[in-house]
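**Student:** Provide a 3D model corresponding to the input given below.
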Amino acid sequence: MIDIKDFERHTSFKPSKRISIEEKKEWERIFSSLRSGAILTGTVMGNDTVMMPDGEEKLALTIIQYRIKVIIPYDEVWYNSEKCPPPHVIRSMTGAHVDYVITGIRLDGECCIASRKRALAIRRRSFLKLPFKSGKRVTCNVIAVGRAKALCNCGGFDILLSTQDISYGMIPDLKEYVHTGEEHEVILKSYDEKTHQLKISIKEAKPHPFDGAEQRHPVNCRRASVITGKYGGGGFCRPEEELDCLCSYLPEQNALDFHIGDRVVIVIRKYNYERKLVFGRILSRW
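**Tutor:** The predicted structure is shown next:
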């Protein structure tokens with residue numbers, strides 16, 4: 001366990017042993033961040049437990065760029081500590097690329113403490129200097145993924161995205177579709193100056209799979225598909241990436257005999273151009 005009280009704001013550090021050129025460069029980056037508040041970026045290696053000044057034990061993010069461990073305590077991970085995600089999110093951030101600012105060095109010089117909160121504040125100021133433009137294309141970083149939600153960072157804002165913000169198609173398990181550490185192009189949707197909420201969309205940065213679908217899959221054609229989800233009276237079948245077809249069953253078929261992941265043959269029956277939906281029927285397995 002790491003005690004936060006062991007860290008101080010050193011202005012210099014003289015190692016007790018010889019260090020490599022790579023480690024020397026790493027210390028130079030650390031002191032640059034400590035002195036000037038410069039942002040560093042690293043990959044989360046895992047978690048440590050830290051002892052806070054009030055005696056409470058909390059999880060922390062662990063980053064090791066070369067040899068020196070950097071710890072980001074739980075309260076310094078999020079921009080707003082009062083409205084932060086639950087603790088288990090920290091455990092899902094392994095592999096995420098995060099920004100941080102060094103705030104202290106342990107007395108033995110083998111570990112540093114940092115704040116992601118300060119880095120987020122700097123990123124936000126830079127992001128908000130430019131006039132907000134809805135529809136602008138920027139990038140976001142995926143920092144944690146659950147079954148139905150993904151936590152992304154864009155412009156210093158941590159944004160929770162649902163499957164509807166990420167894909168045009170049905171996604172049974174989001175962890176199989178996007179992964180921590182990935183960078184995605186997004187469309188800026190809106191920004192509320194009062195609540196400081198930024199809305200983005202990953203799926204709208206990609207072409208809509210419905211566009212041109214009738215030429216690729218004309219009415220009455222048969223297509224090999226995979227069942228990606230089920231609803232009352234039918235299932236979502238996917239003949240191509242992100243294009244789901246709402247399919248009913250044949251009268252002699254039993255819905256309980258079909259499961260998510262089953263490979264089936266469907267027939268395309270009609271298109272709804274207003275709602276951008278495709279309808280079909282499941283004929284058989286393949």
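**Student:** now for E274, how many residues are close by?
**Tutor:** A count of neighbours around E274, defined by other CB atoms under 10 Å, yields 6. In short, each C-beta sits where N, CA and C put it, glycine included.
**Student:** and for the one 5 residues further on?
**Tutor:** F279 has 16 neighbours, counted by other CB under 10 Å.
**Student:** spit out the contact partners of it.
**Tutor:** Taking CB atoms under 8 Å, 6 or more residues apart in numbering as the criterion, F279 is in contact with 245-247, 268-272.
**Student:** give me that answer again for 7 Å
**Tutor:** Residues in contact with F279 (CB atoms under 7 Å, 6 or more residues apart in numbering) are 245-246, 269-270.
**Student:** just the buried ones among those, please.
**Tutor:** Among the contacts of F279, those classed as buried by neighbour count (16 or more other CB atoms under 10 Å) are 245-246.
**Student:** just send the contacts of F279 back as CSV, with distance to C84 too.
**Tutor:** Putting these into CSV (distance: CB to CB, whole Å) gives the following:
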residue, distance to C84
C245, 40
L246, 39
R269, 48
K270, 47
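**Student:** show me where the stretch 101-250 of the chain has strands.
**Tutor:** Counting by DSSP state E, counting those that start in this stretch, one finds strands in the stretch 101-250 of the chain at the ranges 111-115, 137-145, 149-154, 157-162, 183-192, 197-201, 222-231, 234-240, 243-248.
**Student:** turn the ones you listed into a markdown table, columns for distance to I39 and mean pLDDT.
**Tutor:** Output for the strands of the stretch 101-250 of the chain, formatted as a markdown table (distance: least, CB to CB, whole Å; pLDDT from 0 to 100):
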| stretch | distance to I39 | mean pLDDT |
| --- | --- | --- |
| strand 111-115 | 10 | 93 |
| strand 137-145 | 14 | 97 |
| strand 149-154 | 13 | 97 |
| strand 157-162 | 15 | 97 |
| strand 183-192 | 17 | 97 |
| strand 197-201 | 19 | 97 |
| strand 222-231 | 40 | 94 |
| strand 234-240 | 41 | 95 |
| strand 243-248 | 40 | 96 |
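**Student:** tabulate the ones you listed (a markdown table), appending distance to D3.
**Tutor:** What follows is the strands of the stretch 101-250 of the chain, written out as a markdown table (distance: least, CB to CB, whole Å):
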| stretch | distance to D3 |
| --- | --- |
| strand 111-115 | 11 |
| strand 137-145 | 27 |
| strand 149-154 | 29 |
| strand 157-162 | 28 |
| strand 183-192 | 35 |
| strand 197-201 | 36 |
| strand 222-231 | 49 |
| strand 234-240 | 52 |
| strand 243-248 | 52 |
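**Student:** give me the below-cutoff pLDDT ranges for this protein.
**Tutor:** Within the chain, the ranges that satisfy pLDDT under 70 run 10-17, 107-109.
**Student:** so in it, which strand runs the longest?
**Tutor:** Ranked by number of residues, the top strand in the chain under DSSP state E is strand 40-51.
**Student:** got the angle between that strand and strand 137-145?
**Tutor:** Taking axes from the mean of the first three to the mean of the last three CA atoms, to 10 degrees, strand 40-51 and strand 137-145 form an angle of 30 degrees between their directions.
**Student:** buried sites along strand 40-51?
**Tutor:** Burial within strand 40-51, assessed by neighbour count using 16+ other CB under 10 Å, is assigned to 40, 42, 44, 47-48, 50-51.
**Student:** now swap in stretch 249-267 and tell me
**Tutor:** Those would be 249, 258, 262, 264-266, for stretch 249-267 by 16+ other CB under 10 Å.
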